[in-house]
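Peer 1: Quick one, fold the following:
(4 chains)
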Number of protein chains: 2
Amino acid sequence: MEIETTRRAPLGRPRGFDADEALERAMMVFWEQGYEGASLTDLTSAMGITRKSMYAAFGNKETLFRKALERYTEGPATYAARALEKPNAREVATAFLAGSVNTTTRPGRPAGCLGVQGSLAAGDSGRVAQDALIAWREDGRIRLRHRFQQAVDEGDLPSDADPDLLARYLMTVANGIAVQAVGGASRSELQQVADAALRNWPPL
Amino acid sequence: MEIETTRRAPLGRPRGFDADEALERAMMVFWEQGYEGASLTDLTSAMGITRKSMYAAFGNKETLFRKALERYTEGPATYAARALEKPNAREVATAFLAGSVNTTTRPGRPAGCLGVQGSLAAGDSGRVAQDALIAWREDGRIRLRHRFQQAVDEGDLPSDADPDLLARYLMTVANGIAVQAVGGASRSELQQVADAALRNWPPL
DNA sequence: AGATTTAGATACCGATCGGTGCAGAAAGAG
DNA sequence: CTCTTTCTGCACCGATCGGTATCTAAATCT
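Peer 2: Next comes the predicted model:
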């Protein structure tokens, strides 16, 4: 008897939709409406599949949201990871805010940031998603802090610079940009704000 | 027949609860949970009254929210109006951000800003509240802009200063502070951020 | 007192929420 | 072809949503 056979095509009728595409659509709905604001009807109709197929493919609403958040991180929000790779602290900060402006105001996409939407107010049912987003933002802040610590170690930033403060300052401005974007601020307006925030970099 | 009689005590059984106090409690619930996240059950149990009394006294959930927002403006958010009365632009900006930090991180009160909570993500039922909050923030931004225009006219700010940019910059930082506060940032951390944001004031 | 008006409590309304059960169709393996 | 498995579509579940009807009790007027 062969316990360890090579994995052939999965048995039974194969999935009739593109799971990646469906997840992309779900991400857009969450981005626009938040976790609680996006109903299963909203989600599945945007994904083009039925409730049953969604549950079979993604588990439930919460895991769907987590997968959508992952996709967001690797998709629209990759600007953050790329900014961290810039050669010095000033370029990191500049790229981070420019990416934030770009992503929160790109035409044809929801305004604002998925990581901020729906993470402020929440009823009982949205508490887990709120916590996940708070953790997501904190993770980003910590990565920035490490990067700036590295910059201090390398002599790129002055030795009395405060990596924690610099990271929080940048995150605060980026979060504010996301709020402004939902309120209808234009890309050029927000880029001016980002430029202003960096005019005294580092703000010691 | 007396059409215009002096208004005596209102007929019938007088109200058995303090409407002001009830509104205060409702404001706190909206502040913490947002418009959609706050259910009628949450609200009325916090207010200590029944659904019927709430509808009789405040109309419906939407008008209750609007009145709670008014109360917030005149209560926890008066720092904004007071900041506008400062004698010069730098003091306006400093007081505005300091008030923002204070209000969003005061112990015993919900973290964050009622004007930002629940205004980012919204399902269909929360759209009107979302619009009301966007308008509320825009109103604050416009008041700041007018104040800075006045500062330019008076020579308090340089003639090439951009009141629109300055107002939007301040609002962006304040909104970001509100997001950070919900994420658990402490008062002193956020005050450091506010100080950093003002280190190059005005950011021309 | 008697009339009037509202407070308060309870039960209820239709609609929608996230999540399932079921039946039939469809695609693979043999 | 048959058998097995998973697909899809639809009806349905209990719970909760915002909002209301009903009834009794209480308070202030004439």
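Peer 1: who's in contact with A:Ala22?
Peer 2: Going by C-beta atoms under 8 Å, 6 or more residues apart in numbering or on different chains, A:Ala22 touches A:Met47, A:Gly48, A:Ile49, A:Met54, A:Ala57. Where you see a C-beta, it was placed from the backbone N, CA and C, and this is true even at glycine.
Peer 1: now A:Ala81: how far from A:Thr104?
Peer 2: A:Ala81 sits 17 Å away from A:Thr104, taking C-beta to C-beta, to the nearest Å as the criterion.
Peer 1: Who has more neighbours out of these two?
Peer 2: A:Thr104 (25 against 13; other C-beta atoms under 10 Å in any protein chain shown).
Peer 1: in stretch A:179-189, what's buried?
Peer 2: By 16 or more other C-beta atoms under 10 Å in any protein chain shown, the buried positions in stretch A:179-189 come out as A:Val179, A:Gln180, A:Ala181, A:Val182, A:Gly183, A:Ala185, A:Glu189.
Peer 1: returning to that earlier point: just the buried members of the contacts of A:Ala22?
Peer 2: Buried members of the contacts of A:Ala22, counted by 16+ other C-beta under 10 Å: A:Met47, A:Ile49, A:Met54, A:Ala57.
Peer 1: Return the subset of those residues lying in helices.
Peer 2: A:Met47, A:Met54, A:Ala57 (DSSP state H).
Peer 1: Going by neighbour count, list what's buried in the longest helix along chain A.
Peer 2: Counting residues, the longest helix found in chain A (DSSP H) is helix A:127-154. Using 16+ other C-beta under 10 Å as the test for burial, helix A:127-154 gives A:129-130, A:132-134, A:136-137, A:140-141, A:144-145, A:147-149, A:151-152.
Peer 1: Let me see the mean pLDDT of that helix.
Peer 2: For helix A:127-154, mean pLDDT is 89.
Peer 1: sec struct for A:Leu114, please.
Peer 2: Following DSSP: H, G, I helix; E, B strand; the rest coil, A:Leu114 is assigned to coil.
Peer 1: residue ranges of the helices in chain A, please?
Peer 2: Here chain A has its helices, by DSSP H, at A:19-37, A:40-47, A:51-58, A:61-74, A:78-84, A:89-104, A:127-154, A:163-182, A:187-197.
Peer 1: Make TSV from these and add distance to B:Lys86 to it.
Peer 2: Converted to TSV, those look like this (distance: least, C-beta to C-beta, whole Å):
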stretch	distance to B:Lys86
helix A:19-37	36
helix A:40-47	46
helix A:51-58	53
helix A:61-74	41
helix A:78-84	36
helix A:89-104	28
helix A:127-154	31
helix A:163-182	22
helix A:187-197	20
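Peer 1: how about those, which one is nearest DNA strand D?
Peer 2: DNA strand D lies closest to helix A:51-58 among those, at 2.9 Å (C-beta to the nearest atom of the strand).
Peer 1: Compute the distance between the nearest residue to A:Tyr72 once chain neighbours are set aside and A:Arg137, please.
Peer 2: Using C-beta to C-beta, 6 or more residues apart in numbering or on different chains and skipping the chain neighbours, the partner closest in space to A:Tyr72 is A:Leu114 (4.7 Å). Distance of A:Leu114 to A:Arg137, given as C-beta to C-beta: 11 Å.
Peer 1: One more: A:Gln130?
Peer 2: For A:Gln130, the distance to A:Arg137 - C-beta to C-beta - is 11 Å.
Peer 1: returning to that earlier point: of all the ones in helices among the buried ones among the contacts of A:Ala22, which comes closest to DNA strand C?
Peer 2: Lowest distance from DNA strand C to these (C-beta to the nearest atom of the strand) belongs to A:Met54, with 8.0 Å.
Peer 1: so the closest one sits right up against A:Leu40, yeah?
Peer 2: Yes. Counting by C-beta atoms under 8 Å, A:Met54 does reach A:Leu40; the two are 7.5 Å apart.
Peer 1: coming back round to it: which residues do A:Gln130 and A:Arg137 both contact?
Peer 2: A:Ser119.
Peer 1: hang on, the earlier thing: near DNA strand C, from the buried residues of helix A:127-154?
Peer 2: When contact is defined as C-beta under 7 Å from any atom of the strand, these do not meet DNA strand C at all.
Peer 1: Considering those, which is situated nearest to A:Ala196?
Peer 2: Of all those, A:Leu144 has the smallest distance to A:Ala196: 19.2 Å, by C-beta to C-beta.
Peer 1: What residues does that closest one make contact with?
Peer 2: Each residue near A:Leu144 by C-beta under 8 Å, 6+ apart is listed here: A:Leu84, A:Val92, A:Phe96, A:Leu166, A:Ala167, A:Leu170, A:Met171.
Peer 1: who wins for most neighbours among those?
Peer 2: Ranking the contacts of A:Leu144 using other C-beta under 10 Å puts A:Leu170 first, with 29 neighbours.
Peer 1: And the pLDDT at that residue?
Peer 2: 90.
Peer 1: cool, and A:Gly12?
Peer 2: According to the model, A:Gly12 scores 69 on pLDDT.
Peer 1: ditto for A:Glu91
Peer 2: Listed pLDDT for A:Glu91 reads 91.
Peer 1: and what of the one 4 residues further on?
Peer 2: With respect to pLDDT, A:Ala95 has a value of 92.
Peer 1: likewise A:Thr5?
Peer 2: pLDDT for A:Thr5: 39.
Peer 1: do the one 4 residues further on as well
Peer 2: What the model reports as pLDDT for A:Ala9 is 55.
Peer 1: The buried ones among the contacts of A:Ala22 into a markdown table, with extra columns for pLDDT and distance to DNA strand C?
Peer 2: Shown next, in a markdown table, are the buried ones among the contacts of A:Ala22 (pLDDT from 0 to 100; distance: C-beta to the nearest atom of the strand, whole Å):
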| residue | pLDDT | distance to DNA strand C |
| --- | --- | --- |
| A:Met47 | 92 | 13 |
| A:Ile49 | 91 | 12 |
| A:Met54 | 92 | 8 |
| A:Ala57 | 90 | 12 |
